[in-house]
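In: Here is a sequence together with a model predicted from it:
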Amino acid sequence: MIAAAMAELLWQANQMTGRPISGLLPVLPTVILRTHIGHMWLIRMATLVIFLLVLAKWDRHLHLITGAVLLLCFMAIVSGTRSLSGHAADTGNFTLATLSDWLHLSAASVWGGGLVVLSIIILPWMLRDPSPPLIAAIVRRFSRAAGIAVAILAVTSLFNARVFVGSAEGLWEFEYGG
């Protein structure tokens with residue numbers, strides 16, 4: 001995520017200045033310190049660094065539930081900075097459009113991140129020591145979280161399509177939807 005944030009900063013600076021990537025170094029301090037996108041980028045980077053520090057201390061100092069809540073908060077902040085510096089913020093900060101975008105990104109993170117954790121960590125662990133009651137409990141919990149996330153994605157997708165595209169035809173007529 002840090003690498004993606006760095007690449008996004010370079011892309012945004014390129015879009016703002018029209019300079020090639022090789023000529024962006026002199027303008028990066030101005031972009032970071034004097035633009036809204038730069039301020040959101042700083043908050044995102046600080047959150048990611050703190051996130052890494054929390055992960056480094058996870059085993060020794062964090063209770064599982066406390067750690068999970070902290071990580072969820074970090075995800076919410078990162079997706080919030082994304083919403084507050086993207087298309088949703090074109091009409092202003094803290095609008096219904098930014099809230100919808102934030103909910104959309106958060107739900108996608110919960111659903112997608114849950115699938116990654118389930119397939120890379122939990123399923124291989126369960127295959128080594130299968131326990132039908134434990135498998136049922138994990139599937140039940142994930143299915144509930146995934147169902148809520150997909151419902152949020154559906155509602156926010158419809159809202160975002162209406163706000164940013166305007167109509168179903170707009171998906172094919174405008175470059176934004178294509």
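Out: Perfect, I can see it now.
In: by contact count, what packs against the strand or helix carrying Val49?
Out: In the assignment (DSSP states H and E), Val49 maps to helix 36-61. Judged by 3 or more CB pairs under 8 Å, 6 or more residues apart in numbering; DSSP states H and E, the packing partners of helix 36-61 are helix 2-17, helix 28-34, helix 64-83. Yep, even glycine has a C-beta here, placed from its N, CA and C like the rest.
In: Longest helix in this protein, please.
Out: Secondary structure of the chain per DSSP state H: the longest helix is helix 132-160.
In: what's the next secondary structure element after that helix?
Out: helix 170-173.
In: And the protein, what are its domain boundaries?
Out: According to automatic domain parsing, the chain comprises the domains 1-85, 92-178.
In: okay, these in TSV with mean pLDDT next?
Out: TSV is the format used below for the domains of the chain (pLDDT from 0 to 100):
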stretch	mean pLDDT
domain 1-85	88
domain 92-178	86
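In: As TSV, the ones you listed with mean neighbour count would be great.
Out: Shown next, in TSV, are the domains of the chain (neighbours: other CB atoms under 10 Å):
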stretch	mean neighbour count
domain 1-85	15
domain 92-178	14
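In: got the contact list for Trp102?
Out: Residues in contact with Trp102, defined by CB atoms under 8 Å, 6 or more residues apart in numbering, are 76, 79-80, 82-84, 88.
In: from the chain's centre, how far out does whatever helix or strand it lives in sit?
Out: Using DSSP H and E, Trp102 sits in helix 96-117. Chain-centre distance of helix 96-117: 6 Å, with CA atoms, centre = their mean, to the nearest Å.
In: what's the answer for stretch 25-36, then?
Out: 23 Å.
In: That one spans what distance, first to last residue?
Out: Stretch 25-36 stretches 18 Å from its first residue to its last (CA to CA, to the nearest Å).
In: Would you mind pulling the contact partners of that stretch?
Out: Here stretch 25-36 makes contact (CB under 8 Å, 6+ apart) with 9, 12-13, 16-17, 19, 37-39, 41-42, 84-85, 89.
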